[in-house]
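In: coordinates only, no sequence provided:
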C-alpha cells in the first residue's frame, strides 16, 4: 500500500472513531496500522493532539505549536472519541514514540480524561452595570466581566455585581469586597446595597462584627474602617449571626453595631443608598454621553489623513460607506445589522460561514495599525477572520483570532521556488472565556521604522515582536470577518468571525500606546 493510501485509510479510521462507534474490524485495522507503520503512528498522535487542542483546552504553552501543526481545516473535525480502548491505544503509541504520559496526555488510558481536560470556568459573579467606576489594584472589571473568587477594591463610582446564585449587589465606592462563592461575600469596608430574590435565599455577607444571612430581601450594609457596621432592611428579613446569637431584623428596621460590640436599633432609610433604579438611569445617561462623544470623534476622523479606511457600521445598508481617506467602499454580505457598544450604535453581527464584508483597499504601507471594536460570542476553536486578504500572497496580511483565543498577524514572505514561507506575530490568550460576550478593542501595529509588530487589548500592549522580514504591506481585495479563498472543487475554509463588530479602522500610521489607551478610555462601553 502506498504512503498516500495509508494516510487516507488512517484518516478515515480516525474519523470513524470520532463518531464513538467504531466496528471491531475498524479497531483491529487501526491497531494493525499503528503497529506496522511509523507514518500511521505519527499521524494518529498528531490527530489526537489536535483534537485535544480544539476541544479539550490545551495549556497556553502548547497553543502555538498545535496551531502551527494543523494541516487540514479544523471545522472538519468532529468531537473526539472518548472510548477507553482508543485512549489505551493512544497511550501505547505515545509511550512507543517516547512521549510518555507526562507530556500532552495525563494518564491517557483513563476514560475520564476528557472530563479532566475539558474547559472549566471558575467565575462566580458578573459585573452588569457601572458608572464612573475607578478601581484600585490589578482587578479592574468592566460591565460583562465574569468574576472569580477574590478581593475587589472600588475606589469611587458605582458598580452592580450579579452573583450566579441570583443575588445582586450595588457597590458604592470606596468599597473593599471579597467574593467567596456564588452565595457568599465579605465586606471589609465600604457601602453596598443588596437585592436577594427567593432563589438566592441564604446569601450571606460577612462583616468584622457579624455574618448577615439573607432570607429573601433587600438590605444595605455599611462597614467602617474602624470595624463598626450598620445594616438597614428595606424589604423582607435578615439574620445577623454574632457571638453565638442570632438577631432578626425586619423590613423598615436597622441596627448599628459599634466596633466594641455594642449595638443600637435604628430606622431604615432607603434614600440613604443608591437604588437599583437609580443605577440603571445613571448607566443609561452615561451611555448616551459616551455615544455622543464617539459620534463627534467619528465625524472628525473623516478628514484625518492618517486613516486609510474606516467603517463605523452605523448605516443599516448593505453598501458600506468608508469614512476614511481612501473612500474605499465595502459590500456587506449576509451579516445582520444590530446594536453595538451602546444601544444607539450600529454594528454588524457575524454568525454564519457566509457572513462577510468585501473590501478593496489600495496602497502600499510602511506602517499600519489595525483597530476594531469586537464582541466575540464563541471561544475561538478555529481561525476567525478580522481582516484577511484574498489568497495569501507575499506582504498581504492576515489579521485574525486563532485557537485558543490568540490575536495574530500572519504574513507570507518571499521564498525560492514553490515553497511557501510564512511568519506569524501572535499575542496568546487575548480572548479568554471571561471575554466571551464582552466588548473589546483589539489593535495590531506593524511599524517598519520601529522594526516591531505590537498587539494591544483594550489599549494595553500585550505583545511585541521584532519584524522578521522587513517589507511594505498591501491589502487589495480582502474580507472583514471572513476569507473568500477557495480550496478547489467549490469548497472554502470556514474562517468566519462569530460575534459583533461595530467599528473597523485601518490606519496608515503606527499609533502609539498612549493613543490606543486613550481611544479605549474615552470610547469604551
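Out: Here it is on my side, so go on. All figures in this text were calculated on a predicted structure; none of them were measured in a lab. Residues are numbered from 1 along each chain as shown.
In: enumerate every residue touching the nearest residue to residue 236 once chain neighbours are set aside.
Out: Among residues not flanking residue 236 along the chain, residue 217 sits closest, at 2.6 Å (Cβ to Cβ, 6 or more residues apart in numbering). In short, each C-beta sits where N, CA and C put it, glycine included. Shown in contact with residue 217 (Cβ atoms under 8 Å, 6 or more residues apart in numbering): 196, 233-238, 251.
In: just those residues now: which is nearest residue 38?
Out: residue 196 (62.8 Å; Cβ to Cβ).
In: pLDDT wise, what is the residue lying closest to the closest one once chain neighbours are set aside at?
Out: Nearest in space to residue 196, with sequence neighbours left out and distances taken as Cβ to Cβ, 6+ apart, is residue 214 at 4.3 Å. Note on residue 214: pLDDT of 94.
In: tell me the bridge partners for residue 214.
Out: In this entry, residue 214 is beta-bridged to residue 238, by DSSP bridges.
In: show residues contacting the helix or strand residue 157 falls within.
Out: Element membership of residue 157 [criterion: DSSP states H and E] is strand 150-163. If you take Cβ under 8 Å, 6+ apart as the criterion, strand 150-163 is touched by 124-137, 139, 141, 147, 168-179, 182-183, 185, 188, 190, 200, 203, 274, 276, 279, 282.
In: re the thing from before, among the contacts of residue 217, name the buried ones.
Out: Buried members of the contacts of residue 217, counted by 16 or more other Cβ atoms under 10 Å: 196, 233-234, 236, 238.
In: can I get the residues you listed in JSON lines including distance to residue 477, pLDDT and secondary structure?
Out: What follows is those, written out as JSON lines (distance: Cβ to Cβ, whole Å; pLDDT from 0 to 100; DSSP: H, G, I helix; E, B strand; the rest coil):
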{"residue": "196", "distance to residue 477": "56", "pLDDT": "96", "secondary structure": "coil"}
{"residue": "233", "distance to residue 477": "65", "pLDDT": "97", "secondary structure": "strand"}
{"residue": "234", "distance to residue 477": "61", "pLDDT": "96", "secondary structure": "strand"}
{"residue": "236", "distance to residue 477": "63", "pLDDT": "95", "secondary structure": "coil"}
{"residue": "238", "distance to residue 477": "64", "pLDDT": "96", "secondary structure": "strand"}
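In: would you format those residues as a markdown table with distance to residue 358 included?
Out: What follows is the buried ones among the contacts of residue 217, written out as a markdown table (distance: Cβ to Cβ, whole Å):
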| residue | distance to residue 358 |
| --- | --- |
| 196 | 51 |
| 233 | 60 |
| 234 | 56 |
| 236 | 57 |
| 238 | 59 |
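In: closest to residue 457 among those residues?
Out: residue 196 (34.8 Å).
In: contacts only, for that closest one.
Out: For residue 196, counting by Cβ under 8 Å, 6+ apart, the contacting residues are 166-168, 203, 214, 216-219, 236.
In: can you rerun that using 6 Å?
Out: 167, 203, 214, 216-217 (Cβ atoms under 6 Å, 6 or more residues apart in numbering).
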